[in-house]
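1. Predicted structure and sequence below. I'll ask about it afterward.
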Amino acid sequence: MKPISLKTLENLEQSYQKDVHQKAIRRALAKTPIDQIAYVTEAELHTQFRFSIDIDTLPVTNQKASGRCWLFAGLNVVRELVAKKYGLKDFELSQNYQAFWDKFEKINYFLESMDNFLTCDSDDRTLKHLLQMGIQDGGQWDMFVSLVDKYGVVPKDQMPETYASSNTGAMNRLINIKLRKYAAEARALAKQHQLKEKDELKARVLKELYGFLCTNFGLPPKNVRFEYVTKDNQYQSTTFDSPKAFFDHIGINLHDYASIIHSPTEDKPYLRSYTIAYLGNVIDGKPIIHLNLPMERLKALVINQLSDKEIVWFGADVSRDGDREKGIWDNQAYDYETAFQMSFSMTKAQKLDYLQGAMNHAMVITGVNLIDGQANKWKIENSWGSEKGQKGYYLMSGTWFDENTYQAVIHKKYLTDIELKAYESEPIVLKPWDPMGSLAK
């Protein structure tokens, strides 16, 4: 390793002092954010909220200070089908109900997973990963399917939001302290060959954390009263014996949908299915399966589904090149390379392999603008409330979508026979920390 010499520092400063461009940028940055310095006004010509395919949807939802985007997006897909079936103009399903059972199942998943690490070294990488992750708000489409399969859904008024369900940070912190404490105590008991005591400890922790969830979220309802008013102002009320019976009555099979990813990395050949080790919530629930396809094929599948007036659940990296006030993500709207006279560009594969890109938010695609069959912008229903963007709807440019979208959930009827066979093949198991599992953080 070579240290920086004083001569090197002197040369660097002399070179910088001669750079008139950087001098101007430095003065501007004293009072101006970086994004504004790099903003390209001309890009606005291509990001107007007008779309050739634009599906009418119900008002946007708000996940508030929580990471439940995947649940909100999944329930937004289901509620559109409920609204269509019953002729509703405004309706929400309870995100709190879904989050309660997700947390409870994740707690059990963690406790059971620790049985595989009772005697390994304390610095085992997988153990450290699981301990670091604990349980989080995030999740995957297939995890949503597992929850609905087991617990059904309920209208929002049957289990409304609480402060804790909308602001999950403190609750998650305490749950994870409890889980890490269990891991330490369970490993200590295992070393002493006290497996019966370890199992008793596990049952006690599960009971304690179930009560903790009830205290934070409220008690989940056991039956459903579905009370509503139709678009033509007709009042209706129906009672179901269970949330599962209510969902079954809706008549949608979530297993008809497949998760398609675009991961152009060397370790993931296209037309292969993948899963991620130790990623899940409901034990023995639906396995997490991703079919990797080229981006052009993923986009074609999304467009096919939108053309049939059905919205699309998807996952992307929304941490860059965006304006949340305007509700626009567009990588052509920011020119950092000209502003700072150096390259920042990386391929999508490089971003995945070198921790610069990964899914961190799930939403719903409700529209697209096609020019000569090619998508140049996409309309997005977000779950950040109606105050930002266009009443809560956002726009993604075509180039931004290509670079930062990693997953879309598509009805299997749009897949070719070869694609369907690949999806149903034995999946390749990826490491627990693979970026295709990052949405569950």
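-> Structure's in. What do you need? Numbers count the residues shown, from 1 in each chain.
2. avg pLDDT for stretch 406-425?
-> Averaging pLDDT along stretch 406-425 yields 98.
3. First-to-last residue distance for it?
-> End-to-end distance for stretch 406-425, by C-alpha to C-alpha, to the nearest Å: 21 Å.
4. Please enumerate the helices of the stretch 201-350 of the chain.
-> In the stretch 201-350 of the chain, the helices defined using DSSP state H, counting those that start in this stretch lie at 243-250, 295-307, 336-340, 348-353.
5. Save the ones you listed as a markdown table, and put in mean neighbour count, distance to Gly218 and mean pLDDT too.
-> Glycine gets a C-beta too; all of them are placed from N, C-alpha and C. Formatted as a markdown table, the helices of the stretch 201-350 of the chain follow (neighbours: other C-beta atoms under 10 Å; distance: least, C-beta to C-beta, whole Å; pLDDT from 0 to 100):
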| stretch | mean neighbour count | distance to Gly218 | mean pLDDT |
| --- | --- | --- | --- |
| helix 243-250 | 18 | 14 | 96 |
| helix 295-307 | 19 | 35 | 98 |
| helix 336-340 | 15 | 46 | 95 |
| helix 348-353 | 18 | 39 | 98 |
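6. Which one of these lies nearest to Leu29?
-> With C-beta to C-beta as the criterion, Leu29 lies closest to helix 336-340 of these, at 9.3 Å.
7. CA atoms only for that closest one - export them in CSV, please.
-> Output of helix 336-340 as CSV, limited to C-alpha atoms (Å, rounded to 0.1, in the frame of the first residue of the first chain):
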residue,chain,number,x,y,z
TYR,A,336,-23.3,14.9,-12.9
GLU,A,337,-20.5,14.0,-15.3
THR,A,338,-20.5,17.4,-17.0
ALA,A,339,-20.9,19.2,-13.6
PHE,A,340,-18.0,17.5,-12.0
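8. what number of residues lie near Pro294?
-> Pro294 is flanked by 12 other residues according to other C-beta atoms under 10 Å.
9. Next one: the closest residue to it other than its chain neighbours from Pro264, what distance?
-> Leaving aside its sequence neighbours, Pro294 sits nearest to Tyr270 (C-beta to C-beta, 6 or more residues apart in numbering; 5.9 Å). For Tyr270, the distance to Pro264 equals 8 Å [C-beta to C-beta, to the nearest Å].
10. Then Thr57?
-> Note on Thr57: its distance to Pro264, by C-beta to C-beta, is 31 Å.
11. what do you get for Glu325?
-> Look at Glu325 and Pro264: by C-beta to C-beta, they are 32 Å apart.
12. So between those two, which is more surrounded?
-> Shown here are Glu325 and Pro264; by other C-beta under 10 Å, Pro264 has more neighbours (15 against 9).
13. which residues sit in contact with that one?
-> Going by C-beta atoms under 8 Å, 6 or more residues apart in numbering, Pro264 touches 294-295, 347-349, 352.
14. out of the helices of the stretch 201-350 of the chain, nearest to Ile135?
-> The closest of the helices of the stretch 201-350 of the chain to Ile135 is helix 243-250. By C-beta to C-beta, the value is 22.0 Å.
15. Now do stretch 170-185, average pLDDT.
-> On average, stretch 170-185 scores 98.
16. The longest strand anywhere in the chain: what's the following helix or strand?
-> Longest strand in the chain by number of residues (criterion: DSSP state E): strand 361-371. Downstream of strand 361-371, the first helix or strand assigned by DSSP states H and E is strand 374-381.
17. Put the alpha carbons of that following strand into PDB.
-> The C-alpha trace of strand 374-381 is given here as PDB (Å, rounded to 0.1, in the frame of the first residue of the first chain):
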ATOM      1  CA  GLN A 374     -41.200   1.300 -27.400                       C
ATOM      2  CA  ALA A 375     -41.900   2.600 -23.900                       C
ATOM      3  CA  ASN A 376     -40.500   6.100 -23.200                       C
ATOM      4  CA  LYS A 377     -42.200   6.600 -19.900                       C
ATOM      5  CA  TRP A 378     -44.100   4.700 -17.300                       C
ATOM      6  CA  LYS A 379     -46.900   5.800 -14.800                       C
ATOM      7  CA  ILE A 380     -46.500   4.500 -11.300                       C
ATOM      8  CA  GLU A 381     -48.900   4.300  -8.400                       C
END
